[in-house]
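S.K.: After the sequence you'll find the predicted model.
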Amino acid sequence: MSNAELIILRELTAHAPDYVSGQALANKLGLSRVAIWQHMEKLRGQGFEFEALRARGYRLIKQPDGLHATYIEALLKSRKRDFSLTVLDTVDSTNDEAARQLAAGRADPFVVLAREQTQGRGRFGRVWQSDHHTNLYASFAFRPHISPQRMPMFTLWMGVNICELITNFCAVHAGLKWPNDIVFDGLKAGGMLTEARIDADQMRDLVFGLGLNVNQPAGAWSHDLNRRATSLAAQTGKTMDLNHFAAALIGRVFLAYHQFIEGEYASKLADTWNHYDVLRGRKVVVLNGTQRIEGTAAGIDNTGSLLLRDGHGRAQRFSAGEVTLEKVG
């Protein structure tokens, strides 16, 4: 899409619900009124609708339901951006696509969004059901050149930022299940997956992936997932605007990334995690290789490790493994 159409959308969204005159748009772009009309016709062909009133101008009254790259860019609050954005209709995995593009030399940072994944996955290669159009599949690519020892904290820091965004955007409190699940009342709404190529003393590149159930209707998953999954729409009772949410997410992730690189997370992570931690104070089982350790979750330490207190009150730390809630009753 042309830069002119981006500016038109940006002006209309910035002034909504007021009108923007065709002459103001023409002056902004250095184009004729006829050229402005032609660009708006192209936008109409992509699912946008405008209301036009003589002597007042245009206003945006409808936008596409699905992800639209230029509209997302128009909605981003910061105009000074150093990243690029790609929206794909279908991809095997946004993380895999981002990794391929990093390997091919694409300048970082960048974002890959997809309307559908055919091979979405989570930790340990688990399948992530990635239905078309209703949800959000996103990967963020960086070349951070930082110590690999900091990587375990990256997903946790992103998790608290995304939960805060969801809580503010949707007015429902999201929770975190260590280390990478976004949940509501025990039902999973999203998962995060951080993957990196690491040299001897630093990360060469890093991909942060998020799969989030946004508009999936309740009961629309396969039978075994219906008892374990939920979506933002199911929690709020209303359909979310995917493009507005994607723009808010992108802004928040890049803010959180820069805070992480600058080390601003270090003094905040453990306390902020406690606000969203759904395991703290609950009986859990840690599966760590062949070990099965039971105890009470006690938050995380300043390295991002899970703290577990056994029956004797002794604390153990786990930097890797799988946590499952002990069944009640």
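M.R.: Cool, got the structure. Numbering: from 1, shown residues only.
S.K.: which sections of the stretch 101-250 of the chain are below the confidence cut-off?
M.R.: Per-residue confidence for the stretch 101-250 of the chain (pLDDT under 70) gives these ranges: 120-133, 219-226.
S.K.: so where do the strands sit in it?
M.R.: Using DSSP state E, counting those that start in this stretch, the strands assigned to the stretch 101-250 of the chain run over residues 110-114, 136-142, 175-177, 181-184, 187-198, 203-212.
S.K.: Dump the fourth one to PDB, keeping only the CA atoms.
M.R.: Read it as strand 181-184. Coordinates of the C-alpha atoms in strand 181-184 are reproduced here as PDB (Å, rounded to 0.1, in the frame of the first residue of the first chain):
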ATOM      1  CA  ASP A 181       1.100 -19.100  29.700                       C
ATOM      2  CA  ILE A 182      -1.500 -16.300  29.700                       C
ATOM      3  CA  VAL A 183      -4.600 -17.600  31.600                       C
ATOM      4  CA  PHE A 184      -8.000 -16.600  33.000                       C
END
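S.K.: From the rest of the structure, what touches it?
M.R.: Contacts to strand 181-184, defined as C-beta atoms under 8 Å, 6 or more residues apart in numbering, come from residues 159, 162-163, 166, 172-177, 188-192, 212, 230, 235, 278. Every C-beta, even on glycine, is put in place using the N, C-alpha and C of the backbone.
S.K.: Please produce JSON lines containing the strands of the stretch 101-250 of the chain, extended by mean neighbour count and distance to T90.
M.R.: Compiled in JSON lines, these are given as follows (neighbours: other C-beta atoms under 10 Å; distance: least, C-beta to C-beta, whole Å):
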{"stretch": "strand 110-114", "mean neighbour count": "23", "distance to T90": "7"}
{"stretch": "strand 136-142", "mean neighbour count": "24", "distance to T90": "10"}
{"stretch": "strand 175-177", "mean neighbour count": "22", "distance to T90": "29"}
{"stretch": "strand 181-184", "mean neighbour count": "21", "distance to T90": "24"}
{"stretch": "strand 187-198", "mean neighbour count": "19", "distance to T90": "19"}
{"stretch": "strand 203-212", "mean neighbour count": "22", "distance to T90": "15"}
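S.K.: Quick check: which of those strands is nearest to F254?
M.R.: Distances from F254 to each of the strands of the stretch 101-250 of the chain were compared using C-beta to C-beta; the shortest belongs to strand 136-142, at 7.7 Å.
S.K.: I'd assumed G175 was in contact with D277.
M.R.: Yes - using C-beta atoms under 8 Å as the test, D277 is close enough to G175 to be in contact (7.4 Å).
S.K.: for the strands of the stretch 101-250 of the chain, which one sits closest to I300?
M.R.: Taking C-beta to C-beta, strand 175-177 is the member of the strands of the stretch 101-250 of the chain nearest to I300, at 9.9 Å.
S.K.: Which strands or helices does that closest one pack on?
M.R.: With contacts defined as 3 or more C-beta pairs under 8 Å, 6 or more residues apart in numbering; DSSP states H and E, the secondary structure elements packing on strand 175-177 are helix 151-170, strand 181-184, helix 269-276.
S.K.: if we can go back for a sec, nearest to V284, of the strands of the stretch 101-250 of the chain?
M.R.: Put simply, out of the strands of the stretch 101-250 of the chain the one that sits nearest V284 is strand 175-177, at 9.5 Å, with distance taken as C-beta to C-beta.
S.K.: how far is that closest one from where the chain is centred?
M.R.: Offset of strand 175-177 from its chain centre (C-alpha atoms, centre = their mean, to the nearest Å): 15 Å.
S.K.: Please apply the same query to stretch 281-301.
M.R.: Average the C-alpha atoms of stretch 281-301, do the same for its chain, and the two points are 27 Å apart (C-alpha atoms, centre = their mean).
S.K.: Repeat that for stretch 191-201.
M.R.: In terms of C-alpha atoms, centre = their mean, the centre of stretch 191-201 is set 17 Å apart from its chain centre.
S.K.: Extract the CA atoms of it and return them as PDB.
M.R.: Output of stretch 191-201 as PDB, limited to C-alpha atoms (Å, rounded to 0.1, in the frame of the first residue of the first chain):
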ATOM      1  CA  GLY A 191       1.300 -18.700  25.100                       C
ATOM      2  CA  MET A 192       4.700 -17.100  24.500                       C
ATOM      3  CA  LEU A 193       7.700 -18.700  22.900                       C
ATOM      4  CA  THR A 194      11.200 -17.100  22.900                       C
ATOM      5  CA  GLU A 195      13.800 -18.700  20.600                       C
ATOM      6  CA  ALA A 196      17.400 -17.500  20.000                       C
ATOM      7  CA  ARG A 197      20.600 -18.300  18.200                       C
ATOM      8  CA  ILE A 198      23.400 -18.000  20.700                       C
ATOM      9  CA  ASP A 199      27.100 -17.500  20.100                       C
ATOM     10  CA  ALA A 200      29.600 -18.200  22.900                       C
ATOM     11  CA  ASP A 201      29.100 -15.100  24.800                       C
END
